[in-house]
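Participant: 3D model of this:
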Amino acid sequence: MEKYFTTTKEIPRLGRFYPGIIEDTLLFDTAKQHVLRKQPWNLNQHVNLPASLSISQRNFHLSREHEGGGMHKVVTSRLTADVPRSFNLSLKCYAMFAEQVTNSFSLDVYEIERTKEYTFYYKNYIDIEKSSAEAENHTLLVFQEIVQEEMFLHATYDLTWHIRYHQPNGEAYYILVTLPAPIVYVTCIDANELTNFASENSSVLEDRVLGPCPIGVKQLCLWLPINVTTDGSLQFSWPVGQSQQQLFVTAVTCIVTFASTLVIILTVIK
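Facilitator: Numbers count the residues shown, from 1 in each chain. Below is the predicted model of the structure:
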């Protein structure tokens, strides 16, 4: 059975927000700056709560398309929402996608750093060499600006997912591996205004989380979770070995290895 995060509370490394208090255990990494996790982060007080709340209440839809064969799947995620003609996105607003990296998949953070222009953070280093039985669940945070085009908002990004080796199965030659949809948050930044979070009504701040800001270094932003409709999780059919054939495969492997070694030795002697 595939294990993956299903609720906001299960996302690691995102802190709860309390007026005037920043959790000192928030740890985030980038591919280039591991030292960030050892340094204090500051609260960005330019988050505009009314604008963030307005965006979070829109009816967003998340569509996901994939291409690529074998173990490498390029998944494009597109977040969209309709807005009335009178709507004007006057501030810089961003979406934070909390991608749930289950033990069936891996993401190469150095590949992302080389090939992508968007900001991202991750919980702990993701070892791409481990099998699904050895791997752990991870969270990757991807940040994209929300752009308005006429009467709709959108934010798009793509990631290359790598399916891990899975243990032999005693029942089927193929299994279904599930890639869950990300959990999405939104924040809006107003560079000209400061927000006094301590004066905000505590009920307004319920279910809000602290996460890295999409801009700036060592800055924490207040993020609002949004409800999105999706077409469901992506599923891929993946071949696995048969556990009842383990003895036969092991024997053949040993014989072939021994024979090849013997041929090499005889060739060198001659």
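
Participant: domain ranges for this structure, per the record?
Facilitator: The chain resolves into domains spanning 8-239, 242-270 when parsed by automatic domain parsing.

Participant: any chance of those domains in a markdown table, with mean neighbour count and mean pLDDT too?
Facilitator: For every residue, glycine as well, the C-beta is placed using N, CA and C. Formatted as a markdown table, these follow (neighbours: other C-beta atoms under 10 Å; pLDDT from 0 to 100):
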| stretch | mean neighbour count | mean pLDDT |
| --- | --- | --- |
| domain 8-239 | 16 | 79 |
| domain 242-270 | 10 | 80 |
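
Participant: now the strands: where do they sit in the stretch 51-200 of the chain?
Facilitator: Counting by DSSP state E, counting those that start in this stretch, the stretch 51-200 of the chain has strands at residues 60-67, 72-82, 92-101, 105-106, 119-122, 138-145, 147-149, 152-163, 174-179, 183-189.

Participant: who does the longest one pair up with?
Facilitator: This points to strand 152-163. strand 72-82 (antiparallel), strand 105-106 (antiparallel), strand 147-149 (antiparallel) (DSSP bridges).

Participant: can I get these in CSV including distance to Glu136?
Facilitator: Output for the strands paired with strand 152-163, formatted as CSV (distance: least, C-beta to C-beta, whole Å):
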stretch, distance to Glu136
strand 72-82, 20
strand 105-106, 11
strand 147-149, 34
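
Participant: returning to what we had before: output the strands of the stretch 51-200 of the chain in TSV, with distance to Asn227 appended to each entry.
Facilitator: Output for the strands of the stretch 51-200 of the chain, formatted as TSV (distance: least, C-beta to C-beta, whole Å):
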stretch	distance to Asn227
strand 60-67	7
strand 72-82	11
strand 92-101	13
strand 105-106	25
strand 119-122	23
strand 138-145	18
strand 147-149	20
strand 152-163	15
strand 174-179	20
strand 183-189	9
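
Participant: contacting residues around the residue nearest to the spatial centre of the chain?
Facilitator: The centre of the chain sits closest to Glu99, judged by C-alpha atoms, centre = their mean, with a distance of 2.2 Å. By C-beta atoms under 8 Å, 6 or more residues apart in numbering, Glu99 lies in contact with Leu107, Thr139, Leu140, Leu141, Val142, Leu159, Pro182.
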